[in-house]
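> After the sequence you'll find the predicted model.
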Amino acid sequence: MLKTRRQWILSGAVLLLILAVVYGAWSASGHNNKYKGLALNSEVALDDGMRNLIESQIKVSQAALEAQLKSGQKVDLNLYTSIAWDATMLGDLVLARETYEAYFEKNTLNYTAWNNYANVLKDMGDFDRAESAYKEAYTLYGNEAYYRDYIEFIDNHSVDGNRDEEIKQVLEDAVSEIGQTPYFMIKLASLYEKRGDCEQMNAHYNVAKTLLPDNKELPEEIATANKNCAEVN
């Protein structure tokens, strides 16, 4: 009886060990990771002192947020954005993402948070959601920086091939809302250059020259663009 009992105990221990190994392998393979295939961290250059300071700031903000949520008192929403920003500074993309998502459950109108959230999603490689977040930012507040971030993103991370026509439409919408800026004019000029529409290209470059009278590099850029545009035709 004693021998049989020991055998059962040993068999049970072996089974538990096997299950632990299997679970560990399964976990490591990413099957239980909802961010499978995405980057979880980004490389940041921080010395130990700065890293410790930011980690401490996160802990303090998290403790304050947890206390407010448990007490039922009005929550300081700035705690969410502070944690998310500090997490981004540390390169902890998951904490940053999940904190922004918790924040949006309480406030969806913060365009700065949407743009920062989009940057986090981009760094993770979650490009579809990043594009939506960038668009949300400039839709809520159409300043040049947010339009620019969205345009550069879809220009560099297109998964469906060329999206020049879409970029052109966004640029034209931005000009209608904000007005002509050097970036918008030069970006539109480059699109017309690719089409071989040299007249429209030069019209937009001329506006850019007016807006940037002291830019010494622009005439050379325009000369090169005219050569390329002529070759398209």
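The structure has been received and is ready for your questions. Residues are numbered from 1 along each chain as shown.
> Least confident secondary structure element in this protein?
Across the helices and strands of the chain, mean pLDDT, DSSP states H and E gives its lowest value to helix 2-28, namely a mean of 50.
> Would you mind confirming that N226 makes contact with N202?
Yes. Here N226 lies in contact with N202, judged by C-beta atoms under 8 Å, at a distance of 7.2 Å. Every residue, glycine included, has its C-beta placed from N, CA and C.
> Looking at the two, which is more packed in?
N202 (18 against 15; other C-beta atoms under 10 Å).
> Quick one: low-confidence residue ranges for this structure.
1-32, 158-161 (pLDDT under 70).
> quick one: contacts of stretch 163-170?
With contact meaning C-beta atoms under 8 Å, 6 or more residues apart in numbering, stretch 163-170 is reached by 147, 150-151, 154-155, 187-188, 191, 194.
> Among those residues, name the buried ones.
Neighbour counting over these (16 or more other C-beta atoms under 10 Å) leaves 147, 150-151, 154, 187-188, 191 as the buried ones.
> can you give me the strands for the chain?
In the chain, no strands are defined using DSSP state E.
> residues in contact with the residue minimising distance to the centre of it?
Centroid check for the chain by C-alpha atoms, centre = their mean gives N119 as the closest residue, at 2.0 Å. Neighbouring residues of N119 by C-beta under 8 Å, 6+ apart: 88, 130, 149.
> Check L140 too.
Under the criterion of C-beta under 8 Å, 6+ apart, the neighbours of L140 are 109, 111, 114.
> Return the entry from those with the maximum number of neighbours.
Tallying neighbours with other C-beta under 10 Å puts W114 at the head of the contacts of L140, with 24 neighbours.
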